[in-house]
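Trainee: When you get a sec, could you give me coordinates for this:
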Amino acid sequence: MNALISTAMITTTLALATPAFAQETARLRGEVTSTSGDTVTVTTQGGDSYDVTLTDDFSVLVYEYIEIGDVRQGDFLSIPSTEGEDGRKVAVSINVFPEALRGTGEGETAWDLTEDSLMTNATVGEVVNASDGSVIVVSYNGEDEPVLVPEGTPITEFNIAPDRDLAEGDMAILFVTQEPDGGISANLAGVAEDGSLPPV
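Mentor: Numbers count the residues shown, from 1 in each chain. Presented below is the predicted three-dimensional model:
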């Protein structure tokens, strides 16, 4: 697939992601339990199965786990988070974008990784040590905000893998759209290099 087309498609997909199947993009997480041509079956942790048609411009993101020390000032990243007891955001995971996707979906939106979670896409201002982990100060839309990163928080970086296809047994997150006929299609999926479900 043409890299420029891929980047534009992924930018649109990530910027529009919403929590429920609709005309906009939603997220479907689970195991790929079968593949047939351009269709895959995904079974969620709850046991529900969905047949998903992969579009002609379908692409796969591969997530690789890194350490907090690998997160640098100036990186653009996404942070799913919940609200801590003291009102601070507490990271559920951190995902560093490739440079080609810098600025994608900048800002804050509701997310569905955990109950009442938010997704913040922002630029790293600084990373500082804290008694209960680390604190990343992020900047978006002209505002600076600290986010607590507890020890053990999963941290990844991801890249477009133009030669990667989904295979039976993959744990994946698919960015899907419900078609007018009721079917489900996907033009983007994410898998982790170690075979786990990406923490997105």
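Trainee: how is the chain carved up into domains?
Mentor: Structural domains assigned to the chain are 3-62+158-192, 64-157, following automatic domain parsing.
Trainee: Show me how far the last one is from its chain's centre.
Mentor: This means domain 64-157. Between the centre of domain 64-157 and the centre of its chain there are 12 Å (Cα atoms, centre = their mean, to the nearest Å).
Trainee: For Thr109, which non-adjacent residue is closest in space?
Mentor: Nearest residue to Thr109, sequence neighbours excluded (Cβ to Cβ, 6 or more residues apart in numbering): Met119, at 5.3 Å. For the C-beta atoms, the positions are set from N, CA and C on the backbone; glycine is no exception.
Trainee: confidence score at the one you found?
Mentor: pLDDT recorded at Met119 is 95.
Trainee: who's in contact with it?
Mentor: Residues in contact with Met119 (Cβ atoms under 8 Å, 6 or more residues apart in numbering) are 78-81, 105, 108-111, 113.
Trainee: Parallel or antiparallel, which strands does the helix or strand where it lies pair with?
Mentor: Using DSSP states H and E, Met119 sits in strand 118-130. As defined by DSSP bridges, the strand partners of strand 118-130 come to strand 76-83 (antiparallel), strand 107-110 (antiparallel), strand 133-140 (antiparallel).
Trainee: Would you mind finding the most buried of those strands?
Mentor: Ranked by mean neighbour count, those are led by strand 76-83 with a mean of 20 (mean count of other Cβ atoms under 10 Å).
Trainee: how much space between Ala189 and Ile79?
Mentor: 21 Å (Cβ to Cβ, to the nearest Å).
Trainee: ditto for Val96
Mentor: The value you get for Val96 to Ile79, if Cβ to Cβ is used, is 10 Å.
Trainee: Same question for Gly183.
Mentor: Gly183 is 33 Å from Ile79, where distance means Cβ to Cβ.
Trainee: just to revisit the earlier point, now render the contacts of Met119 as a markdown table, adding distance to Gly30 and pLDDT.
Mentor: Output for the contacts of Met119, formatted as a markdown table (distance: Cβ to Cβ, whole Å; pLDDT from 0 to 100):
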| residue | distance to Gly30 | pLDDT |
| --- | --- | --- |
| Ser78 | 20 | 96 |
| Ile79 | 23 | 97 |
| Pro80 | 18 | 96 |
| Ser81 | 23 | 96 |
| Gly105 | 23 | 92 |
| Glu108 | 26 | 94 |
| Thr109 | 22 | 92 |
| Ala110 | 21 | 90 |
| Trp111 | 17 | 89 |
| Leu113 | 14 | 80 |
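Trainee: and which of these is nearest to Glu126?
Mentor: For the contacts of Met119, the residue nearest Glu126 by Cβ to Cβ is Ile79; the value is 14.4 Å.
Trainee: check contacts around the closest one.
Mentor: Neighbour list for Ile79: 89, 91-95, 119-122, 136, 138, 147 [criterion: Cβ under 8 Å, 6+ apart].
Trainee: What is the nearest of the residues you listed to Thr177?
Mentor: Met119 (18.4 Å).
Trainee: any idea which of the domains of the chain scores lowest on pLDDT?
Mentor: domain 3-62+158-192 (a mean of 83).
Trainee: so what's Val149 up against?
Mentor: 68, 91, 94, 133-136, 155 are the contacts of Val149 under Cβ under 8 Å, 6+ apart.
Trainee: Having no further points to raise, I will conclude here.
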